[in-house]
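Participant: need a 3D model of the sequence below.
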Amino acid sequence: KTKKDKKLDEKKPVAKFIYSYSLNLIITLGRLSSSITLYDPKDLHVKHKIIPSTCKIMAKDVAILSIAFCERDQRIGCIINNIGITFWEATDNFATEKILGANKSDWDPKLCGDKIYYLSLFNQWVTTDKDTIYFWDIK
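Facilitator: Numbers count the residues shown, from 1 in each chain. Purely as a prediction, here's the structure:
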């Protein structure tokens, strides 16, 4: 069954598509989008939309560059340009936003890369840029 999300026009094609087995949700990110959309795979209706607080404040200057999903912890991680790494968990219906490095004066969001991955075999969050791989302990 084909269905087009009219909110993602041709200028913002889907950049990432993830299926969560444990949540039975499709998680999508449009290219240079300021939100993450969660769909019900049965009827493709939007079940939830995650809009980072920084995107609400500076919608024109901020975009989500990359997302990943940890099935084990039911956690979405993303990289937001000029901000850094942000996480949400299914335990509170993705309501609480946790920004890595927030409130630290020496935090440099440019040092976290532009793509994020979760390596389930190692239970490890990883980010990359064109030259470097960064491993993160989010505890």
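Participant: how much space separates residue 39 from residue 93?
Facilitator: 15 Å (CB to CB, to the nearest Å). From N, CA and C alone the C-beta is placed, and that goes for glycine too.
Participant: compare these two (neighbour count), which wins?
Facilitator: residue 39 (19 against 12; other CB atoms under 10 Å).
Participant: would you confirm that that one contacts residue 29?
Facilitator: No: Residue 39 is beyond contact range of residue 29, at 12.0 Å (criterion: CB atoms under 8 Å).
Participant: and residue 40, backbone torsions?
Facilitator: phi -80, psi 120 (degrees, to the nearest 10).
Participant: which residues touch it?
Facilitator: Counting by CB atoms under 8 Å, 6 or more residues apart in numbering, residue 40 touches 24, 25, 26, 47.
Participant: for the protein, what spans make up the strands?
Facilitator: 14-20, 25-30, 36-39, 46-50, 64-70, 75-80, 84-89, 98-99, 115-119, 124-128, 133-136 (DSSP state E).
Participant: can you redo those as a markdown table with distance to residue 105 and mean pLDDT?
Facilitator: Compiled in a markdown table, these are given as follows (distance: least, CB to CB, whole Å; pLDDT from 0 to 100):
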| stretch | distance to residue 105 | mean pLDDT |
| --- | --- | --- |
| strand 14-20 | 32 | 91 |
| strand 25-30 | 30 | 93 |
| strand 36-39 | 28 | 94 |
| strand 46-50 | 27 | 93 |
| strand 64-70 | 24 | 95 |
| strand 75-80 | 19 | 94 |
| strand 84-89 | 14 | 93 |
| strand 98-99 | 14 | 90 |
| strand 115-119 | 24 | 96 |
| strand 124-128 | 21 | 95 |
| strand 133-136 | 19 | 92 |
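Participant: of the ones you listed, which is nearest residue 106?
Facilitator: For the strands of the chain, proximity to residue 106 was assessed by CB to CB; strand 84-89 is nearest, at 12.3 Å.
Participant: partner strands of that closest one, parallel or antiparallel?
Facilitator: Strands that pair with strand 84-89, judged by DSSP bridges, come out as strand 75-80 (antiparallel), strand 98-99 (antiparallel).
Participant: great, nothing more from me.
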